[in-house]
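**Student:** Provided below for reference: sequence and predicted model.
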Amino acid sequence: MGHHHEPSILLPLLLMITLSLMRGKEVVASRHLLETAILPAIPELPKVELPSLPTVLPTLPKLELPPLPKADLPPLLNHLPTLRQPELQTLPKPELSGVPHVPALQKPELPPLPEVPKLPELPALPQLSEQPKPILSAIPTLPKKIPFPSLSPPVSTSSP
């Protein structure tokens, strides 16, 4: 049987090689564009003089609007009409019968509990001699900002 997986492996490999060869070319191209020695000098254009504007603007006549006619509105009511009170029906109170009589229960007779035997007393613990407390080693503290190493080489911003 033939190797039918080879083209699928070669495509990512070729893409990685192409991208690694292209890395860093943008910086060189941008430096090339910024160099002023290659660019031609731009000639200075003469300053354009604008004609002077008149200092006094012509005055326009004041526009007079005719007065608006007064609208005839019907007179307002002096008082608001009152609404009649709704009549609510009263519901009859239900008569509850008394609480039924519950007969008292007799107290049950329980058998007496068996006596628990006394446990023998334990002997006293032996006294340990006074020994100095062990000194624990100090735990080093981590810095608040941990620098991460870069995988690409540093790019110099100064021109060579």
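**Tutor:** Okay, I see it.
**Student:** quick one, strands of this protein?
**Tutor:** Counting by DSSP state E, the chain yields no residue ranges for strands.
**Student:** and the longest helix anywhere in it, how far out from the chain middle?
**Tutor:** Longest helix in the chain by number of residues (criterion: DSSP state H): helix 6-22. From the chain centre to the centre of helix 6-22 is a distance of 40 Å (CA atoms, centre = their mean, to the nearest Å).
**Student:** okay, buried residues for that helix please.
**Tutor:** For helix 6-22, the neighbour count (16 or more other CB atoms under 10 Å) marks no residue as buried. From N, CA and C alone the C-beta is placed, and that goes for glycine too.
**Student:** adjust the sequence numbering to begin at 42 for everything that follows.
**Tutor:** Okay, residue one is now 42; in that scheme the one you just asked about reads as helix 47-63.
**Student:** can I get that helix in CSV, CA atoms only?
**Tutor:** Extracted as CSV, the C-alpha positions of helix 47-63 are listed here (Å, rounded to 0.1, in the frame of the first residue of the first chain):
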residue,chain,number,x,y,z
GLU,A,47,2.4,12.2,3.4
PRO,A,48,0.6,15.2,1.7
SER,A,49,-1.2,16.0,4.9
ILE,A,50,2.0,16.1,6.9
LEU,A,51,4.0,18.1,4.3
LEU,A,52,1.5,21.0,4.1
PRO,A,53,1.9,22.2,7.7
LEU,A,54,5.6,21.6,7.5
LEU,A,55,5.9,23.8,4.4
LEU,A,56,3.7,26.5,6.0
MET,A,57,5.9,26.6,9.2
ILE,A,58,9.1,26.9,7.1
THR,A,59,7.6,29.7,5.0
LEU,A,60,6.5,31.6,8.0
SER,A,61,9.8,31.3,9.8
LEU,A,62,11.7,32.6,6.7
MET,A,63,9.3,35.6,6.4
